[in-house]
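> Here's my sequence, what's the structure:
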Amino acid sequence: MEKIKISGSEKMYEIESIMPASRTVTKIVFPEGGAIPESWDGDILIHTVGGIYVSTIIGYNTVYRQEGQTVYLSNDGSVYVPPAPPEPVPEPEPYVPTLEEVKAAKKAEVSMMCEQIIYAGINLTLSDGESYHFSLTEKDQINLFGKLAQLKAGADQVEYHADGHPCQYYSVEDMTNIVESSMWHVSYHTTYCNALNMWIVGCQTADEVQEIYYGADVPEEYRSEVLQEYLIQIAEMAGGDRTENESEKTGE
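The predicted structure follows:
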């Protein structure tokens with residue numbers, strides 16, 4: 001299961017899912033019997049199953065509504081106001097989503113997590129010995145393709161900037177490290193998400209689908225050749241002295 005914590009606190013909370021419920025409301029589902037934060041006064045920091053930070057959700061500080069282990073948070077201070085009791089009507093039959101609907105919802109969930117992890121970017125230690133963070137939104141990725149073209153054209157230094165830093169010239173060595181590490185990060189998570197989708201397609205029941213989450217080990221029958229190669233690389237990284245850059249690539 002993924003985990004969250006509230007900025008300013010070190011306590012982690014396991015969650016089953018986190019996703020938008022509307023334009024101003026986010027829905028968080030906690031496992032049965034799991035702890036729920038008493039205060040939401042801070043940013044929501046999302047972490048992988050292994051406890052690695054991947055993304056921050058800002059501004060959702062108001063409990064809009066809580067239903068058991070499901071909490072809805074609003075970013076505009078609004079709270080749920082129940083409608084006036086309707087006239088008594090016969091109870092409708094409970095709606096049970098079809099297997100295809102369950103699969104579609106799960107695909108949307110893992111796709112959102114994949115996008116958040118990719119956009120969150122990577123940390124890299126460059127030749128000056130300092131660690132820098134590089135976000136990887138779609139705009140950032142397009143920009144890096146341009147930097148790759150400059151490198152291939154023979155530029156001896158390339159202008160770019162790390163998050164929170166001014167634009168500066170990077171050496172070929174540093175810029176190559178930034179581009180290659182960023183592409184690895186994007187490509188790995190895209191490949192992994194694709195394998196999760198293949199796993200979802202292969203499920204025969206809704207219960208099987210609901211057991212899938214971003215970060216789960218993909219069964220061998222759903223691992224593509226490309227994903228298998230990435231897993232071999234990650235295993236090789238884990239077998240030796242791992243650099244900070246390698247740890248960023250694996251998401252650990």
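
> how about the helix ranked longest in the chain: buried residues?
Identified as the longest helix of the chain according to DSSP state H is helix 172-202. The neighbour-count check on helix 172-202 (16 or more other CB atoms under 10 Å) flags 174-175, 177-179, 181-182, 184-186, 188-189, 191-197, 199-200 as buried. No exception for glycine: its C-beta is placed from N, CA and C like everyone else's.

> Please apply the same query to stretch 57-70.
In stretch 57-70, counting by 16+ other CB under 10 Å, buried: I57, Y60, N61, T62, V63, Y64, R65.

> Out of those, the closest to P166 would be?
Within the buried residues of stretch 57-70, the smallest distance to P166 is 27.4 Å, found for I57 (CB to CB).

> quick one, strands of this structure?
For the chain, the strands defined by DSSP state E cover 2-6, 13-15, 17-20, 25-29, 44-47, 53-57, 62-67, 70-74, 122-125, 131-134, 157-160, 168-171.

> May I see the buried residues of the shortest one?
Meaning strand 13-15. Y13, I15.

> picking that back up, so can I have JSON lines of the buried residues of stretch 57-70 showing distance to D217 and pLDDT?
Listed next are the buried residues of stretch 57-70 as JSON lines, based on distance: CB to CB, whole Å; pLDDT from 0 to 100:
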{"residue": "I57", "distance to D217": "26", "pLDDT": "93"}
{"residue": "Y60", "distance to D217": "30", "pLDDT": "96"}
{"residue": "N61", "distance to D217": "35", "pLDDT": "95"}
{"residue": "T62", "distance to D217": "37", "pLDDT": "96"}
{"residue": "V63", "distance to D217": "34", "pLDDT": "96"}
{"residue": "Y64", "distance to D217": "35", "pLDDT": "96"}
{"residue": "R65", "distance to D217": "34", "pLDDT": "95"}
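
> with those residues in mind, which one is nearest to K5?
Relative to K5, the closest of those is I57; by CB to CB it sits at 11.6 Å.

> can you pull the contacts of that closest one?
Listed by CB atoms under 8 Å, 6 or more residues apart in numbering, the contact set of I57 reads I18, T26, D43, I44, I46.
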